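Peer 1: No letters, just coordinates:
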């Protein structure tokens with residue numbers, strides 16, 4: 001089964017597909033002919049390019065295996081495309097429509113690489129990082145809480161009553177909670193509000209230090225009894241913005257600005273799905 005999937009990936013790698021990003025330019029090196037099909041050459045660079053489009057998990061295969069299979073795929077493609085040309089299919093209306101669409105997409109990618117990528121400088125990325133950090137604002141707050149998770153509301157109310165009589169929360173958690181944290185007395189450690197499911201987070205952050213929920217809290221996991229033990233400023237700062245997140249966001253903003261500028265200079269008329277004039 002692995003080789004069937006691998007063969008399918010090779011077809012994808014060898015075929016020409018339009019993707020949102022341009023492939024990295026291969027390092028300059030002498031190109032050689034590695035096969036001919038009815039006199040037409042297949043170059044080593046074509047095999048290398050096909051390999052670069054393979055899914056990551058297939059690129060670790062032995063090079064001699066990849067080379068042979070990719071070359072076979074390219075040979076098959078040349079044979080079939082050659083026969084299609086012999087039959088005149090390159091003049092087929094469907095082929096021409098798809099070629100026009102592919103050309104539009106390739107030109108779009110080339111245009112964006114020339115107008116957007118050149119603006120993705122180190123200085124621009126540094127400035128955008130600072131902007132994103134400022135927009136994210138302060139880190140917020142986190143709490144340290146324990147909980148006891150049971151299957152029914154009745155069980156949870158029974159536990160709340162036992163706690164009211166002075167039973168130790170951690171001991172009850174070890175005895176009654178079905179959650180993995182029961183071994184630690186129900187201790188969940190510190191967490192921010194966004195790390196827990198909504199009802200649980202709302203209930204936990206509404207409690208003061210050393211307070212226990214007076215009513216059971218229901219989530220998709222069951223019924224919870226919650227006790228908050230500490231509160232503090234979140235340790236994970238909003239300033240921690242990943243480099244790839246900065247790059248992606250800046251690229252998106254620059255692309256949007258370019259498109260908006262083009263729209264401002266263009267005359268665009270929108271019609272309804274049935275081709276009739278749209279309402280003004």
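Peer 2: Here it is on my side, so go on. All figures in this text were calculated on a predicted structure; none of them were measured in a lab.

Peer 1: okay, CA-based contacts and neighbour counts for the rest of this
Peer 2: Fine.

Peer 1: Could you pull out the helices in this protein for me?
Peer 2: Secondary structure of the chain by DSSP state H: the helices cover 2-14, 44-52, 63-86, 93-115, 122-136, 153-164, 169-176, 198-206, 243-265.

Peer 1: tell me the contacts of residue 163?
Peer 2: Applying Cα atoms under 8 Å, 6 or more residues apart in numbering, we find residue 163 in contact with residue 169.

Peer 1: Would you mind measuring from it to residue 43?
Peer 2: Distance of residue 163 to residue 43, computed by Cα to Cα, to the nearest Å: 77 Å.

Peer 1: Could you list the low-pLDDT ranges of the chain?
Peer 2: Scanning the chain for pLDDT under 70 picks out 1-29, 136-139, 235-241, 280.

Peer 1: Show me which strand runs longest in it.
Peer 2: Looking only at the chain and at elements set by DSSP state E, the strand with the highest residue count is strand 222-233.

Peer 1: gap between the two ends of stretch 53-69?
Peer 2: For stretch 53-69, the first-to-last residue distance is 14 Å (Cα to Cα).

Peer 1: Buried residues of it, list them for me.
Peer 2: 53-54, 66-67, 69 (16 or more other Cα atoms under 10 Å).

Peer 1: ok, so of these, who is nearest residue 115?
Peer 2: Residue 115 has its nearest neighbour among these in residue 53, at 24.4 Å by Cα to Cα.

Peer 1: Out of the helices of the chain, the one nearest residue 226 is which?
Peer 2: Nearest of the helices of the chain (Cα to Cα): helix 198-206, 6.6 Å.

Peer 1: Any chance of the buried residues of stretch 53-69 in JSON lines with distance to residue 95 as columns?
Peer 2: JSON lines is the format used below for the buried residues of stretch 53-69 (distance: Cα to Cα, whole Å):
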{"residue": "53", "distance to residue 95": "23"}
{"residue": "54", "distance to residue 95": "25"}
{"residue": "66", "distance to residue 95": "30"}
{"residue": "67", "distance to residue 95": "30"}
{"residue": "69", "distance to residue 95": "27"}
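
Peer 1: Residue 147: which of these is nearest?
Peer 2: Nearest to residue 147 among the buried residues of stretch 53-69: residue 54, at 47.1 Å, using Cα to Cα.

Peer 1: Can you tell me how far the closest one is from residue 44?
Peer 2: Counting by Cα to Cα - residue 54 and residue 44 are separated by 16 Å.

Peer 1: Most distant residue from the centre of this structure?
Peer 2: Using Cα atoms, centre = their mean, the residue of the chain lying farthest from its centre is residue 165. It sits 49.6 Å away.
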